[in-house]
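S.K.: the sequence and its predicted three-dimensional model are supplied below.
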2 protein chains.
Amino acid sequence: MSQCDTTHDCSNCPTRHTTEWRDLDKNQLASLNLAKRTHAMEPGETLFLQGDEADGVYCIQSGLVGLRYFDEDGNSALIRLCGTGTTVGYGALLSKQPYATSAEILTPSVVCFLKRSIVSDMLANNPKVGERFLQHSIRDLSESESDYARSLTKTVRLRFLHLMMVLYERLGYLDENGNPIVELPIMRREIADLLGAQPESISRLIRSVQDEGLLKFDGKMVLYSDMDKVQHEIGTS
Amino acid sequence: MSQCDTTHDCSNCPTRHTTEWRDLDKNQLASLNLAKRTHAMEPGETLFLQGDEADGVYCIQSGLVGLRYFDEDGNSALIRLCGTGTTVGYGALLSKQPYATSAEILTPSVVCFLKRSIVSDMLANNPKVGERFLQHSIRDLSESESDYARSLTKTVRLRFLHLMMVLYERLGYLDENGNPIVELPIMRREIADLLGAQPESISRLIRSVQDEGLLKFDGKMVLYSDMDKVQHEIGTS
DNA sequence: TTACCAGCATGATTTATATCAAGGCGTACT
DNA sequence: AGTACGCCTTGATATAAATCATGCTGGTAA
C-alpha cells in the first residue's frame, strides 16, 4: 500500500457527515483523527482480500472502490461500486467474519483506514455509531437485493443500460455544449464483471446502443445522445 | 389474514433464542408477549406487500416464507427463503421505508406479528436488540451478496443444483432405507422464480439431472441419488 | 524508430435458456 | 361420474450471450 498521508483531519473531513462518524463529539473526533491512517491509492491496489481476517474499516474520501466476489473456481464478479463518503469492510469487522469480498481500487482514491480497536471504542462510547452502521447495513442490503432481483429478471443489455444511468447519476455532467456526458471510471472488463458478462458482449452491446442512437462511446467518454429512450427501455426505475 | 391464535407465549417460544429477542428480560418478554399477534397462515397469503408502509416485523415460528421482488414491468423474482426462527420486514421498519419486497407464505406457517411500537420499545429499552438487528442485517447482506455473485457467475443449472443442496441442508432427512430425501416445499414455478428462470427450463433441468443419475424427482419428493456428484459439480461451496 | 502488450473490437460458431405451442395428469368442484 | 383448472412436461424453434479466433490501436519500453 502507498505511504500514509497525515494532513487530513477528521473534524474537517468533507465526507464525515455522510459516514457513521457524523454523531461523534469533539473528543471522539480527536481520537478518531489520531487513530486513522489516510492513504492515496491507485487502481490495481486492494484495501483487503476476500477471506482475510477483518482488521478494520475503510472510509472512502474520494475515488471509486469495487467490491469483488470470487467463487471456488476462480470466477469473480464486481458486486458493488463504492464511492466518496462510504465505508467498506464494516460487515466483516462487526460480525467477526473474514472479509466476504475483496475491495479493489478502481480510480485514484483517498481512503482512511480505521483499525478494529478504534471502531470498537467508538461503538462502545457512542450508541449512535451502532445505529448508523445498522442504517448503512440495511441500505446496502436493500440495494443488494434490488441488484440481485435485477440480475434474475433482466437481460445483460437492460442491466448495461441501467448501469450507464447509474454512472450518469453519479458522475454525469454537461459539456460545453450542454450535452450530457460521463467519463467512464472503469474499463470494459470491469463493466463486464459488474454485469456478469464477457467483455466481448459489452463491446457488442456498445456497438448496438450506438447504432441505435442511444449512447455514443469514444474510449472512456460517453455521450448520452438519447437519455429518454434509455430511460424508457429500462422502465424508468 | 387468518384469525389470531393467543395460545403462544414468547417466554416459551422455541425460536426465541435465535431471534432478536433472545436478550430480553422477563418484563420485556411479558410486554412482547402481550403485544404480539400469532397467525397460522396458508400458502398464497402474504405478510406484507412491496411498497406498503412498514407497520411492524414478522417472526416466523414455523413454515416457509418467500420474499418476492417485483420490478416496474411486472416481472418478479423470489430473492430469499425465510424459515423458522427468522424475522422479516425489519429493514423497512428500521429504515422507515416502505417494504422493499413482498413476503408470501409458501408452506403452512405460524407467524407472530410485532407492531412498530413494541419493536421501538424493545429497541429503546434494551441496547442488545439493536445489536441483534445489526447482526441480522449484516448476515442477510452477506447472503444476498453471495447469492447475487452466484447469479452473475453461474448458469441456471449450477444454481439449480446449489438450491437443491440448500434445500437438503434445511429440510433433508434419510428415509427408512437410509436414502437422502427432501420433500420440496415449493412448486416448480417457485423454483424458477428463485433462479430467475422459466418453469419449462426447470422441467428440462430436472429431466437432465435425473437422466444423469444425480437426483431423482417424483412430484415433490427428491431422492439424492448421487450427492457427491452434485457437490462436485457445484464446486463444494 | 521498432517492438510489444493491454485493452478493445469484430467475425464465426456454439450453447444455454427463453419462447411458443401442445398435451398429460391429478385434484377439487358440480 | 364428469369436467375444469392448475401444475407440470415435452417438443420445436428462436434468441441472447458465450466462446473461440483474429486483428486493430494507442501507449510504453527498449
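M.R.: Now that the structure is in, tell me what you want to look at.
S.K.: going forward, measure contacts and count neighbours with C-alpha atoms only.
M.R.: Will do.
S.K.: ok, longest helix in chain A?
M.R.: Selection of the longest helix in chain A by residue count, based on DSSP state H, yields helix A:127-153.
S.K.: anything in that helix near chain B?
M.R.: Yes. Shown here: helix A:127-153 in contact with chain B (CA under 8 Å from any CA of the partner chain) through A:130-131, A:133-135, A:137-142, A:144-153.
S.K.: name the helices or strands packed onto that helix?
M.R.: helix A:116-125, strand B:76-82, helix B:90-95, helix B:127-153 (3 or more CA pairs under 8 Å, 6 or more residues apart in numbering or on different chains; DSSP states H and E).
S.K.: any part of the next helix or strand after it near DNA strand D?
M.R.: Counting by DSSP states H and E, the next helix or strand C-terminal to helix A:127-153 is helix A:156-171. Yes. Helix A:156-171 lies within reach of DNA strand D by CA under 7 Å from any atom of the strand, at A:156-157.
S.K.: can you give the contact residues for helix A:156-171?
M.R.: With CA atoms under 8 Å, 6 or more residues apart in numbering or on different chains as the test, helix A:156-171 has contacts from A:150-151, A:181-184, A:195-197, A:205, A:230-231, A:233-234.
S.K.: rerun that using 6 Å as the cut-off
M.R.: Applying CA atoms under 6 Å, 6 or more residues apart in numbering or on different chains, the contact partners of helix A:156-171 are residue A:234.
S.K.: distance from the chain centre to it, please.
M.R.: 14 Å (CA atoms, centre = their mean, to the nearest Å).
S.K.: which ones are touching the residue nearest the centre of chain A?
M.R.: Centroid-nearest residue in chain A, with CA atoms, centre = their mean: residue A:82, separated by 1.2 Å. Each residue near residue A:82 by CA under 6 Å, 6+ apart is listed here: A:64-65.
S.K.: for it, list each beta-bridge partner.
M.R.: Beta-bridge partners of residue A:82, counted by DSSP bridges, are residue A:65.
S.K.: check residue A:174 too.
M.R.: Following DSSP bridges, residue A:174 is listed with bridge partners residue A:180.
S.K.: contact residues of chain A facing DNA strand D?
M.R.: Counting by CA under 7 Å from any atom of the strand, chain A comes close to DNA strand D at A:154-157, A:196-201.
S.K.: may I ask which of the residues you listed has the most neighbours?
M.R.: residue A:196 (24 neighbours; other CA atoms under 10 Å in any protein chain shown).
S.K.: quick one: residues contacting it.
M.R.: B:152-153.
S.K.: quick one, phi/psi of it?
M.R.: Note on residue A:196: backbone dihedrals following degrees, to the nearest 10 are phi 70, psi 40.
S.K.: then residue A:17?
M.R.: When read as degrees, to the nearest 10, the backbone of residue A:17 gives phi -80, psi 0.
S.K.: what is the neighbour count of it?
M.R.: Neighbour count of residue A:17, defined by other CA under 10 Å: 12.
S.K.: where does chain A have low pLDDT?
M.R.: A:1-7, A:236-237 (pLDDT under 70).
S.K.: that one against DNA strand C: which residues are in contact?
M.R.: So chain A meets DNA strand C at A:187-189, A:200-204, A:206-207, A:217, A:219-220 (CA under 7 Å from any atom of the strand).
S.K.: and the residues you listed, which of them are in helices?
M.R.: Per DSSP H, those map to helices at A:188-189, A:200-204, A:206-207.
S.K.: quick check: of these, which lies closest to residue B:23?
M.R.: residue A:189 (47.6 Å; CA to CA).
S.K.: can you list the domains in chain A?
M.R.: Annotated domains of chain A cover A:4-152, A:155-234 [automatic domain parsing].
S.K.: is stretch A:39-54 in proximity to chain B?
M.R.: No. Stretch A:39-54 stays clear of chain B (CA under 6 Å from any CA of the partner chain), getting no nearer than 12.0 Å.
S.K.: what's the span of that stretch, first residue to last?
M.R.: Taking CA to CA, to the nearest Å, stretch A:39-54 runs 18 Å from one end to the other.
S.K.: repeat for stretch A:23-42
M.R.: End-to-end span of stretch A:23-42 (CA to CA): 31 Å.
S.K.: and stretch A:222-230, by the same measure?
M.R.: For stretch A:222-230, the first-to-last residue distance is 13 Å (CA to CA).
S.K.: ok, now stretch A:31-43?
M.R.: Using CA to CA, first and last residues of stretch A:31-43 are 30 Å apart.
S.K.: cool, and stretch A:33-41?
M.R.: Per CA to CA, the first residue of stretch A:33-41 is 19 Å away from its last.
S.K.: which parts of that stretch are buried?
M.R.: The neighbour-count check on stretch A:33-41 (16 or more other CA atoms under 10 Å in any protein chain shown) flags A:33, A:35-41 as buried.
S.K.: go on, stretch A:12-30?
M.R.: A:15-16, A:19-21, A:23-24, A:28-29.
S.K.: which of those fall within helices?
M.R.: Those of these mapping onto helices are A:28-29, per DSSP H.
S.K.: now, the most widely separated pair of the buried residues of stretch A:12-30?
M.R.: Longest distance between any two of the buried residues of stretch A:12-30 is 16.4 Å, between A:15 and A:28; criterion CA to CA.
S.K.: before we move on, the earlier item: looking at the domains of chain A, which is buried most?
M.R.: domain A:4-152 (a mean of 19; mean count of other CA atoms under 10 Å in any protein chain shown).
S.K.: circling back: what angle separates the longest helix of chain A from strand B:76-82?
M.R.: With axes from the mean of the first three to the mean of the last three CA atoms, to 10 degrees defining the directions, helix A:127-153 sits at 130 degrees from strand B:76-82.
S.K.: out of the ones in helices among the residues of chain A next to DNA strand C, which comes closest to residue A:46?
M.R.: Nearest to residue A:46, judged by CA to CA, of those is residue A:189 at 17.3 Å.
S.K.: and the closest one, how close does it get to residue A:106?
M.R.: Counting by CA to CA, the gap from residue A:189 to residue A:106 is 12 Å.
S.K.: can you check residue A:142 too?
M.R.: For residue A:142 relative to residue A:106 (CA to CA), the value is 24 Å.
S.K.: how about residue A:44, secondary structure?
M.R.: Assigned with DSSP: H, G, I helix; E, B strand; the rest coil, residue A:44 falls in the coil class.
S.K.: leaving out sequence neighbours, find the closest residue to it.
M.R.: Nearest non-adjacent residue to residue A:44, counting by CA to CA, 6 or more residues apart in numbering or on different chains: residue A:105, 5.9 Å away.
S.K.: between the longest helix of chain A and helix A:116-125, how many degrees?
M.R.: Going by the same axes, to 10 degrees, helix A:127-153 makes 110 degrees with helix A:116-125.
S.K.: how far out from the middle of the chain is helix A:127-153?
M.R.: 13 Å.
S.K.: can you give me the angle that helix makes with helix A:156-171?
M.R.: 150 degrees.
S.K.: show me what the helix or strand encompassing residue A:114 is packed up against.
M.R.: Taking DSSP H and E as the definition, one finds residue A:114 inside strand A:102-115. Identification of packing neighbours for strand A:102-115 by 3 or more CA pairs under 6 Å, 6 or more residues apart in numbering or on different chains; DSSP states H and E yields strand A:37-41, strand A:46-48, strand A:56-70.
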